[in-house]
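Engineer: Dropping a prediction and its sequence here:
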Amino acid sequence: MSSRPIGRKGGWGTAEGRNSAHALCLSAVRGSCLTNKPHAERRRREVLVRGVVQGVGFRPFVYRLAQEEGLAGSIGNDTDGVSIEVEGPEERLDAFVARLRAEMPPLARIDAVGVRALTPTGEAGFRIVASETLGRVSTGIPADAATCADCLRELMDPSDRRYRYPFLNCTNCGPRYTITRRIPYDRPQTSMARFTMCPACQAEYDDPTNRRFHAQPNACRVCGPRVWLLSADGSAISTDDPVAACVERLATGEIVAIKGIGGFHLSVDAANEAAVTRLRERKHRYGKPLAVMVRDLDAARGVCTLTAAEEALLQTTARPIVLARKREDSGIAESVAPGIPWLGVFLPYAPLQHLLFASGQVKALVMTSANLSEEPIAIDNGEALARLGQIADAFLMHDREILQRCDDSVAAVVEGAPQLLRRARGFVPLGVELPAALGFDAPPLLAVGGHLKNAFALARGRFVYQSQHLGDLENLAGLEFFKESLDHLMRTFEIEPQAVAHDLHPGYLSTAWASEWARERGLPLIGVQHHHAHVAGCMAEHGLTGPAIGLALDGTGYGTDGHIWGGEVLICRLDGFERFAHLEYVPMPGGDAAVKEPWRMALGALHAAGFDVESEQIVKLLGAQASEVRVLQRMIERGINAPMTSSLGRLFDAVASVVLGRRMVDYEAQAAIELEGIAVDEPDRFEQGDYVPELHEADEGSGSEAVIRTGKMWKAVLEDLWRGVPARRIAARFHTGIAEGFINAAVNARIENGINAVALSGGCMANRRLARLLRTRLEEEGFEVLQHAQVSPGDGGLSYGQAAVAAAMLSKSKLSGEAD
Ligand SMILES: [Zn+2]
Ligand SMILES: [Zn+2]
């Protein structure tokens, strides 16, 4: 109900589906009739179309539509979208406008259509006019789109002139954002500028009836980009068919760095255990799951059990990595996704990738971003050789320059609704709307996002343009990628921010950078509390300005009291919030060290729950030495480097640590993910009993918040453990109990505040079991439940929420200013 179904505008469109309307009909005949009609019937209209209408075959589509309706006039790109003038009989003009929306090309998105009457000029014929490059740019730029069915057919057809040509594309598919320097989107503004089309390609490009009419990256073997193969030291490998030679190497277990659409992938045969292990060792990436690309939907069904919604998601033009249940008989090496029952699977989206699977020598390929641990993905040939020479055995290079780094997007389905977990290729830079209820066009804004999984956002008017996933802002390389992408997006959209929104955390690099940047430019700074931004983002995606009950279930975020928040029940409006309840504070001994060593979190939580953590039984449970426990215990008692946290993510870590016996993790939230994983076949509902954390009301008149206490829950967990209850059962009961604890808080918040909408946000919403339990049970309680769709619920979505909050605050101050 509140979630967005697949196919709604905003980037979830399917590759096929809406294509059939394009076939030329016999309207040329109708068009010729027009000249016989008396001119008195003719009307002329100007039609302005706003949205993603450049680089998606919109002009040729309009050209064909005008032909079919027998209309004269012209169309051109302008900086706001496309501008059309049409002349002909009134009913034909009406039909034309109606068909614009109904039959638009698959990659187009129409945000607004404006129509105005003009005086007929009596002109004949319909023309496409050259692009206008002056003025403010506010049209959307298209996202990169997967190879369409027509192009794929040509790619595999030995009689086609583009047979096995790795860069074929058309107006319905191909790279866009990653090859574009600025808009309007025309070939000279892209990295295709250096390739001059051969006569055959030029003829297609110039022919309004051709699928490649004005397809800016149009190319063929004669005139376009090419591929070649290099060995690890950069020397050329001589071969007639570099793609086939690359596949030979993959089939023998070699690691090949393959240049793609948004960067290089490191690729290896996903069925080859030794090869995958070697990749992990060379990449210094041990536990974190690796994504797997397979040939097509049938192959995906062979490695994962897929629901209909997951199958649809896999086939969207954005081609995200989809997290799905791995099959027992998948044939995928265990080390691809160790210790978890899911696999991140995706389908080829570039012709080059389709060719990798064409011979059938490899069935599934690990395709992981080519970088060392948390560095940005490599895009440049020289950069790749320098950075990946120690990892890859060979390089499959090409000479179509990538102008924007863009990782693969990651998505999952929760109760039938697609949810984006990492927003990058295929979605960026499509705008996400701000609520119309703001009644306000946002001034140009920059929201810098958070710290981990950073993405910034630029806002203007009714739209927020989020950057691609940039990774962690922990080092210079991360900050450089941030600045490079910001420059690019500001230039692309010609947005000069007039205010800067940021997180409240004083230690975030993004906060420090924002303060400095705003100071240099004399711009106002708007600090937005981390969990307010999470919930506001979820509300704004659903067009809601408030109020709503926000469940911000998260890793860590800086609170207004200086503690680390993350298990929050907020009463939210876009322009402000109150904290209604929170998980009880527990110490986090060692601060960030407790994220990497969840046993520390368990110790902190058990201490707070009143257990004697130095007892033999607990020391054993923690898998620790008595001496190290003593050290941490002293840290907690003296309050040294033991910040207090109400984070649900950290509670998950703590419980996972004792239930799974996991002391350390290789990546953030690994223990929590494994805890969700072992429960995967357990039923959702249990007699939860003492697993439900207790809600303790705020003291009357104290102004403090209610607290969700976990002492009894811990007691229940340990009793079950010691009684020998299977870990998977404890994990399932814990999920159910936690969900019920927050639902109780939401019920109380509704009684006190009369609010029925609940927005679910925060990094813990990537836990699909928790998300499912919350959603189904809240709906049973009669709540209206909002969950993210186009924006990540985790920190990757933070900047969208920050932008929504900043816009709301500016709108409010503007309105109150006008009232004065
Ligand atoms: Zn195509
Ligand atoms: Zn050509």
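Structural biologist: On my side now, so go ahead. Ligands and ions are numbered 1, 2, ... in the order given.
Engineer: Skipping adjacent residues, who's closest to G537 in space?
Structural biologist: G801 (2.9 Å; CB to CB, 6 or more residues apart in numbering). In this view, the C-beta of every residue, glycine as well, is placed from N, C-alpha and C.
Engineer: Just the pLDDT for the one you found.
Structural biologist: In the predicted model, G801 carries a pLDDT score of 98.
Engineer: how many other residues sit next to it?
Structural biologist: 31 (other CB atoms under 10 Å).
Engineer: separation between it and E46?
Structural biologist: According to CB to CB, to the nearest Å, G801 stands 38 Å off from E46.
Engineer: what does the chain have sitting close to ligand 1?
Structural biologist: For the chain, the contact set with ligand 1 under CB under 5 Å from the ion comprises 148, 151, 170, 172-173.
Engineer: wait, what's in contact with D393?
Structural biologist: 231-232, 249, 254-256 (CB atoms under 8 Å, 6 or more residues apart in numbering).
Engineer: May I ask which helix or strand encompasses the residue nearest to G537?
Structural biologist: The secondary structure element spanning G801 is helix 798-819 (assigned by DSSP states H and E).
Engineer: Kindly indicate which of the contacts of D393 lies nearest V276.
Structural biologist: Set against V276, the nearest of the contacts of D393 by CB to CB is I255 (9.4 Å).
Engineer: What score does that closest one have for pLDDT?
Structural biologist: Residue-level confidence at I255 comes out at 98, pLDDT.
Engineer: Confirm for me that it is in contact with R278.
Structural biologist: Yes: I255 is within contact range of R278, at 6.8 Å (criterion: CB atoms under 8 Å).
Engineer: overlap in contacts of the two?
Structural biologist: Between them, I255 and R278 share these contacting residues under CB under 8 Å, 6+ apart: V268.
Engineer: Neighbour count for the two, which is higher?
Structural biologist: I255 (23 against 18).
Engineer: what are the phi and psi angles of that one?
Structural biologist: Note on I255: backbone dihedrals following degrees, to the nearest 10 are phi -100, psi 120.
Engineer: how close does G576 get to A146?
Structural biologist: Using CB to CB, we find G576 at a distance of 42 Å from A146.
Engineer: quick one: which of those two has more around it?
Structural biologist: Between G576 and A146, counted using other CB under 10 Å, A146 has the larger neighbour count: 27 against 16.
Engineer: Mind checking what secondary structure the residue lying closest to the more buried one once chain neighbours are set aside has?
Structural biologist: Once flanking residues are discounted, A146 sits nearest to Y349: 3.7 Å by CB to CB, 6+ apart. On the three-state scheme (DSSP: H, G, I helix; E, B strand; the rest coil), Y349 is labelled coil.
Engineer: Hmm, Y349 is touching M367, no?
Structural biologist: No: shown here, Y349 and M367 do not form a contact pair, counting by CB under 8 Å, at 10.5 Å.
Engineer: what about E328, how many neighbours?
Structural biologist: Count around E328 with other CB under 10 Å applied: 6.
Engineer: ok so, going back, taking the contacts of D393 together, which two end up most distant?
Structural biologist: Spanning the widest gap among the contacts of D393 are S231 and I255, at 12.1 Å by CB to CB.
Engineer: circling back to that earlier point, filter the residues of the chain next to ligand 1 down to just the ones in helices.
Structural biologist: In this view, the residues of the chain next to ligand 1 that belong to helices under DSSP state H are C151.
Engineer: how about TSV for the residues of the chain next to ligand 1, with neighbour count and pLDDT added?
Structural biologist: What follows is the residues of the chain next to ligand 1, written out as TSV (neighbours: other CB atoms under 10 Å; pLDDT from 0 to 100):
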residue	neighbour count	pLDDT
C148	23	95
C151	23	97
C170	20	95
N172	28	91
C173	29	94
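Engineer: which residues does the nearest residue to P683 once chain neighbours are set aside contact?
Structural biologist: Ranked by CB to CB, 6+ apart and with sequence neighbours excluded, the top spatial neighbour of P683 is A732, at 7.2 Å. Contacts for A732 were tallied using CB under 8 Å, 6+ apart; they are 679, 682-684, 686, 769.
Engineer: Ok, E433 next?
Structural biologist: Residues counted as contacts of E433 (CB under 8 Å, 6+ apart) are 10, 462-464, 543.
Engineer: who's in contact with stretch 245-257?
Structural biologist: Counting by CB under 8 Å, 6+ apart, the neighbours of stretch 245-257 from elsewhere in the structure are 229, 237, 239, 258, 264-269, 272, 274-275, 278-279, 282, 356, 359, 361-362, 365, 370, 378, 384, 388, 391-396.
Engineer: can you pull the pLDDT of the closest residue to ligand 2 within the stretch 401-550 of the chain?
Structural biologist: Of all residues in the stretch 401-550 of the chain, the one sitting closest to ligand 2 is E401 (18.2 Å; CB to the ion). For E401, the pLDDT comes out at 94.
Engineer: and it, how many neighbours does it have?
Structural biologist: Taking other CB under 10 Å as the neighbour definition, E401 ends up with a count of 17.
Engineer: I believe it is in a helix; please confirm or correct that.
Structural biologist: No: looking at E401 with three-state DSSP, it is coil, so not inside a helix.
Engineer: Nearest residue to it in space, please, no chain neighbours.
Structural biologist: Skipping the residues right next to it in sequence, E401 comes nearest to S191 by CB to CB, 6+ apart, at 3.9 Å.
Engineer: Ok, K326 next?
Structural biologist: Taking CB to CB, 6+ apart as the measure, K326 lies nearest to L343, with 4.2 Å between them; neighbours along the chain are not counted.
Engineer: What strand or helix carries the one you found?
Structural biologist: Applying DSSP H and E as the criterion places L343 in strand 342-346.
Engineer: continuing past that strand, what's the next helix or strand?
Structural biologist: Helices and strands here follow DSSP H and E; after strand 342-346, the next one along the chain is helix 351-358.
Engineer: For that following helix, buried residues please.
Structural biologist: Judged by neighbour count using 16 or more other CB atoms under 10 Å, the buried positions of helix 351-358 are 351-357.
Engineer: residues of the next helix or strand after that helix that come out buried?
Structural biologist: Under the assignment DSSP H and E, the closest C-terminal helix or strand after helix 351-358 is strand 364-369. Across strand 364-369, burial judged by 16+ other CB under 10 Å covers 364-369.
Engineer: other SSEs contacting strand 364-369?
Structural biologist: strand 264-269, helix 273-283, strand 292-294, helix 351-358 (3 or more CB pairs under 8 Å, 6 or more residues apart in numbering; DSSP states H and E).
Engineer: That one: partners in the sheet, and parallel or antiparallel?
Structural biologist: Each strand pairing with strand 364-369, determined using DSSP bridges, is listed with its direction: strand 264-269 (antiparallel), strand 292-294 (antiparallel).
Engineer: Same list, those, but as JSON lines with mean neighbour count please.
Structural biologist: Rendered in JSON lines, the data for the strands paired with strand 364-369 read as follows (neighbours: other CB atoms under 10 Å):
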{"stretch": "strand 264-269", "mean neighbour count": "27"}
{"stretch": "strand 292-294", "mean neighbour count": "27"}
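Engineer: Using TSV, please lay out those strands together with distance to ligand 2.
Structural biologist: Supplementary listing: these in TSV, determined by distance: least, CB to the ion, whole Å:
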stretch	distance to ligand 2
strand 264-269	26
strand 292-294	28
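Engineer: Please, where are all the helices along the stretch 451-600 of the chain?
Structural biologist: Using DSSP state H, counting those that start in this stretch, the helices of the stretch 451-600 of the chain run over 476-493, 509-521, 530-541, 593-596, 598-608.
Engineer: Report the separation between the residue of the stretch 251-400 of the chain found nearest ligand 1 and ligand 2.
Structural biologist: Closest approach between the stretch 251-400 of the chain and ligand 1, counting by CB to the ion: P351, at 9.2 Å. For P351, the distance to ligand 2 (CB to the ion, to the nearest Å) stands at 15 Å.
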